[in-house]
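Enquirer: model this:
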Amino acid sequence: MEDKVKEAIEKIRPSLQMDGGDIELVGIDDKVVKVRLRGACGSCPMSVMTLKMGVERIVKEMVPEVESVEAV
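Expert: Next comes the predicted model:
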C-alpha cells in the first residue's frame, strides 16, 4: 500500500510545486495517510481544502483502501 500512496503523492506533487508548495509522506497509520504540506502549502489558508479536495481525493482514487489523509 505504501508504494501506491507514494505513487499518488508523486502525481500530486507537480501541481503543489507550481504554487510554491510541496508534500511529504510522513507515514501510514492503519488506513490513514499522514502527510506534511510544505512551503506555500504549509501556511496557505486554503491548505485544508487542498488536502481534502485535492490530495485526499486523488490518493483515495488511486489507493481505495485508504480511509483518509491528514496533515501533521
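Enquirer: Enumerate every residue touching the residue lying closest to residue 21 once chain neighbours are set aside.
Expert: Once flanking residues are discounted, residue 21 sits nearest to residue 41: 2.8 Å by Cβ to Cβ, 6 or more residues apart in numbering. From N, CA and C alone the C-beta is placed, and that goes for glycine too. The neighbours of residue 41, taking Cβ atoms under 8 Å, 6 or more residues apart in numbering as the test, are 16, 19-23, 47, 50.
Enquirer: Show me the helices in this structure, by range?
Expert: 2-18, 40-43, 47-49, 57-62 (DSSP state H).
Enquirer: would TSV of these with mean pLDDT be doable?
Expert: Shown next, in TSV, are those (pLDDT from 0 to 100):
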stretch	mean pLDDT
helix 2-18	93
helix 40-43	78
helix 47-49	80
helix 57-62	95
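Enquirer: wait, which of the ones you listed is closest to residue 72?
Expert: helix 40-43 (11.1 Å; Cβ to Cβ).
Enquirer: would you turn the helices of the chain into a markdown table with distance to residue 72?
Expert: What follows is these, written out as a markdown table (distance: least, Cβ to Cβ, whole Å):
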| stretch | distance to residue 72 |
| --- | --- |
| helix 2-18 | 14 |
| helix 40-43 | 11 |
| helix 47-49 | 12 |
| helix 57-62 | 15 |
